[in-house]
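# Let's see this in three dimensions:
(one chain, ligands or ions: 1)
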Amino acid sequence: MNNRKREGINIDEREFSDLDELIESIVERIKKEEREIYTERTLKEAYNPKNVGELNNPDGAARITGPCGDTMQIHLQLEGDRIIDSKFITDGCGASTACGSVVTEMVRGKTIEEAFMVEDTDVLSVLDGLPEANVHCALLAANTLRAALEDYKKNNKSNKEVIKEGGGDEGMKLCIPTLGTGGLEDLVSEHFGRAPTFTVVDMANSEVKVVENTGEHFGGVGNTPELVAGAGAEIMLCSGLGPRAISMFEQLGIEVYVGASGTVQDAINAFQAGELLEASDANACKEHLH
Ligand code: FES
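Numbers count the residues shown, from 1 in each chain. Prediction:
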């Protein structure tokens with residue numbers, strides 16, 4: 001009886017030991033595959049990220065959704081003009097965790113102006129690169145940082161230049177490239193130049209006007225920024241656009257914000273929450289010039 005019991009225990013232990021070996025070999029295989037794909041530094045930051053979490057009362061905060069649908073949030077705390085604490089949270093992949101860790105670590109001790117200089121390429125270079133499929137994770141981290149810095153500037157009374165006289169967007173005409181004629185429920189077009197319509201929203205009286213895109217991409221004449229200016233728009237909210245279009249809007253005195261997605265109403269909400277980024281050469285779409 002005793003022997004049988006012992007036998008039974010021995011059998012169980014053998015089964016456990018086989019299972020342990022199996023798990024160990026699976027973990028080893030996963031680690032080996034990861035090492036083939038990601039750099040040592042990326043794996044280090046992804047498995048032991050720094051600065052994960054939230055601040056109680058951040059001076060600058062932003063949450064951005066990347067092209068993959070994952071989000072990142074960054075909180076900043078400042079003393080004077082210097083960042084003394086930074087935290088991030090992401091629901092994205094391991095690479096985005098590594099990027100959040102690096103970007104929040106990089107900005108600590110930096111002034112606002114210095115932090116504005118941090119770009120996705122800096123994050124990539126600290127990580128010794130990322131696979132092509134994860135390059136956008138570094139951009140998500142850099143864009144979220146930039147949005148948190150913009151948020152700080154908006155909140156900080158000593159930086160009035162980011163706040164328009166009259167207290168923001170009230171009375172402004174916002175223009176959003178759209179796919180149809182659905183007004184506030186219409187979807188934002190991803191391709192600014194090729195958007196079939198532009199939806200213009202007058203923030204003073206909530207009047208919505210839909211303008212057909214008769215620009216050169218649609219066989220018409222004239223360029224799209226001129227068309228937008230002609231519709232009376234003062235602020236343009238779009239998904240993204242190229243450096244040439246950014247400079248054309250600049251010349252026409254129209255402010256451009258990128259990162260809009262979802263419906264027209266979603267884009268306006270995101271703009272009002274300070275979640276869209278002011279267009280610049282740094283965030284211009286490099287793959288197309290319109
Ligand atoms: Fe979405 Fe990395 S953040 S895949």
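
# Which parts of the stretch 101-250 of the chain are helices?
112-116, 120-126, 135-155, 224-230, 243-251 (DSSP state H, counting those that start in this stretch).

# Would you mark the buried spots in the longest one?
I take that to be helix 135-155. By neighbour count on 16 or more other CB atoms under 10 Å, the buried set for helix 135-155 is 135-153. The C-beta positions use only the backbone N, C-alpha and C, and glycine is treated the same way.

# gap between that helix and the chain center?
7 Å (CA atoms, centre = their mean, to the nearest Å).

# same question, the last one
Taking CA atoms, centre = their mean, one finds the center of helix 243-251 at 21 Å from the center of the full chain.

# likewise the first one?
Put simply, helix 112-116 sits 18 Å off its chain's centre (CA atoms, centre = their mean).

# Show residues contacting stretch 107-120.
With contacts defined as CB atoms under 8 Å, 6 or more residues apart in numbering, stretch 107-120 is touched by 76, 78, 81-86, 103, 106, 135, 138-139, 141-143, 145-146, 149, 152-153, 282.

# Any idea how far apart the tips of that stretch sit?
End-to-end distance for stretch 107-120, by CA to CA, to the nearest Å: 13 Å.

# what distance separates it from the middle of the whole chain?
16 Å.

# ok, and for it, which residues are buried?
For stretch 107-120, the neighbour count (16+ other CB under 10 Å) marks V107, R108, K110, I112, A115, F116, V118, E119, D120 as buried.

# returning to what we had before: just put the helices of the stretch 101-250 of the chain in CSV and tack on mean pLDDT and distance to the ligand.
As requested, the helices of the stretch 101-250 of the chain are exported to CSV (pLDDT from 0 to 100; distance: least, CB to the nearest ligand atom, whole Å):
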stretch, mean pLDDT, distance to the ligand
helix 112-116, 92, 21
helix 120-126, 96, 12
helix 135-155, 91, 4
helix 224-230, 75, 30
helix 243-251, 79, 24
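
# Any stretches of the protein with poor pLDDT?
1-16, 157-171, 215-223, 284-290 (pLDDT under 70).

# all strands of it, in order?
Per DSSP state E, the chain carries strands over the ranges 60-65, 71-79, 82-90, 173-178, 197-202, 207-212, 235-238, 255-258, 277-278.

# can you tell which of these is closest to V27?
strand 82-90 (23.5 Å; CB to CB).

# helices and strands around that closest one, which ones?
Using 3 or more CB pairs under 8 Å, 6 or more residues apart in numbering; DSSP states H and E, the elements in contact with strand 82-90 are strand 71-79, helix 94-107, helix 135-155.

# Out of those, which gets nearest to G53?
strand 71-79 (8.2 Å).

# now the angle between helix 94-107 and the closest one, please.
10 degrees (axes from the mean of the first three to the mean of the last three CA atoms, to 10 degrees).

# Could you give me the buried positions within strand 71-79?
Quick answer for strand 71-79 (16+ other CB under 10 Å): T71, M72, Q73, I74, H75, L76, Q77, L78.

# pretty sure the second one is in contact with C93, am I right?
No. Here M72 does not reach C93: they are 10.9 Å apart, not a contact under CB atoms under 8 Å.

# Next up, the contacts around the closest residue to Y152 other than its chain neighbours.
Excluding its sequence neighbours, the residue lying closest to Y152 (CB to CB, 6 or more residues apart in numbering) is G60, at 3.0 Å. By CB under 8 Å, 6+ apart, the contact set of G60 is I74, H75, L76, L78, A148, L149, E150, D151, Y152, K153, N155.

# just checking, the fifth one touches A62?
It refers to A148. Yes. A148 is within contact range of A62, at 4.1 Å (criterion: CB under 8 Å).

# so what's in contact with the two at the same time?
Common neighbours of A148 and A62 (CB under 8 Å, 6+ apart) are I74.

# chain center to stretch 268-280, what's the gap?
11 Å.

# ok, now stretch 31-46?
Worked out by CA atoms, centre = their mean, stretch 31-46 lies 23 Å from the chain centre.
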